[in-house]
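Peer 1: Prediction below, plus the sequence it came from.
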Amino acid sequence: MEKREQLYEGKAKKVYATDQPERYIVEYKDDATAFNGLKKGTIQNKGVINNQVTNHLMTYLAGKGIPTHLLRELSERETLVKKVSIVPLEVIVRNIAAGSLAKRLGLAEGEKLRSVVLEYCYKDDALGDPLVNEYHIKALGLATEADLATIAAYALRINEYLSEYLRDLSIELIDFKLEFGKVADGSIVLADEISPDTCRFWDSVTGEKLDKDRFRQDLGNVEGAYQEIMRRLLGQS
Ligand code: UDP
């Protein structure tokens, strides 16, 4: 597998072409941003951890029948993935009130929701990724109704699988963000990452935050939290 030109550089990852048109290489960086890019920093070793945590969780989900873009891990920071055309939505699943939901609806952080909440944000940095509903998605042509139904069903199943898996590691899955893409044959697959950057993970015994909120809220020991997630999931630090 030959790594060719860089196609894209995002806030946390770079994407490269390969010698095969339907395969890309993703490279995870240590750069961290929050609040739509307003806060910037570095989290030592984050790229290494997020690459391996994402691949670990995507492999687990694939075993449960969720199709993903993952092909194989190439190095500490690099993974070979299927080329996808990203559906321009951030799909957010919530079990417990936190972050923007708590703020918007006046809920206490940590309040249990009576049922799962599924939200969509339109991926557009200039607009600040605004919240949209099924009607906006259809009216703007962001996804077809059939594709959105597939995405919603996968997102809810992923929540069940991940919540159950993490519970055994004393990690409570508060909320998380997913992205989906379309592969060459038109089918929907899970793409992007599943990591402490994109999930809220709370220690189920102590309530300690083990995710990017430590960076967002200047709680300290950000690196330690990422390492602890890696240790619990992969049994190494
Ligand atoms: N999230 C993300 N990328 C974003 C926005 C949110 O990965 O651009 C994740 C975030 O880490 C959390 C969940 O989605 O696990 C819900 O985030 P929320 O809407 O509460 O926004 P935040 O408080 O992160 O700004």
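Peer 2: Great, that's in hand. Numbers count the residues shown, from 1 in each chain.
Peer 1: so which helix or strand takes in the residue nearest the centre of the chain?
Peer 2: The chain has I194 as the residue nearest its centroid, 3.6 Å off, counting by CA atoms, centre = their mean. Secondary structure assigned from DSSP states H and E places I194 in neither a helix nor a strand.
Peer 1: list the contacts for it?
Peer 2: Residues near I194 by CB atoms under 8 Å, 6 or more residues apart in numbering: 53-54, 57-58, 162, 176, 178. Yep, even glycine has a C-beta here, placed from its N, CA and C like the rest.
Peer 1: Need the distance between the two termini of stretch 125-140.
Peer 2: Start-to-end span of stretch 125-140 (CA to CA, to the nearest Å) is 17 Å.
Peer 1: For it, give me every contacting residue.
Peer 2: 36-37, 89-90, 119-124, 142-145, 148.
Peer 1: mind listing what's buried in it?
Peer 2: Using 16 or more other CB atoms under 10 Å as the test for burial, stretch 125-140 gives 129, 132, 137.
Peer 1: now, among these, which is nearest to the ligand?
Peer 2: D129 (5.7 Å; CB to the nearest ligand atom).
Peer 1: For the closest one, give its distance to H69.
Peer 2: 21 Å (CB to CB, to the nearest Å).
Peer 1: so what's the backbone phi/psi at S195?
Peer 2: Dihedral pair for S195: phi -150, psi 180, per degrees, to the nearest 10.
Peer 1: How about S170?
Peer 2: phi 60, psi 40.
Peer 1: how many other residues sit next to it?
Peer 2: Residues lying near S170 (other CB atoms under 10 Å) number 13.
Peer 1: wait, it sits on S204?
Peer 2: Yes. Judged on CB atoms under 8 Å, S170 makes contact with S204 at a distance of 4.8 Å.
Peer 1: Longest helix in the chain, please.
Peer 2: helix 145-167 (DSSP state H).
Peer 1: residue ranges of the helices in this protein, please?
Peer 2: With DSSP H, the ranges of helices along the chain come out as 46-63, 99-105, 134-139, 145-167, 213-216, 222-234.
Peer 1: now those helices in JSON lines, with distance to I25 and mean pLDDT?
Peer 2: Converted to JSON lines, those look like this (distance: least, CB to CB, whole Å; pLDDT from 0 to 100):
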{"stretch": "helix 46-63", "distance to I25": "11", "mean pLDDT": "98"}
{"stretch": "helix 99-105", "distance to I25": "31", "mean pLDDT": "98"}
{"stretch": "helix 134-139", "distance to I25": "30", "mean pLDDT": "98"}
{"stretch": "helix 145-167", "distance to I25": "24", "mean pLDDT": "99"}
{"stretch": "helix 213-216", "distance to I25": "26", "mean pLDDT": "98"}
{"stretch": "helix 222-234", "distance to I25": "21", "mean pLDDT": "98"}
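Peer 1: What is the nearest of the contacts of I194 to the ligand?
Peer 2: For these, the residue nearest the ligand by CB to the nearest ligand atom is F176; the value is 4.9 Å.
Peer 1: excluding its backbone neighbours, what's nearest that closest one?
Peer 2: C199 (3.9 Å; CB to CB, 6 or more residues apart in numbering).
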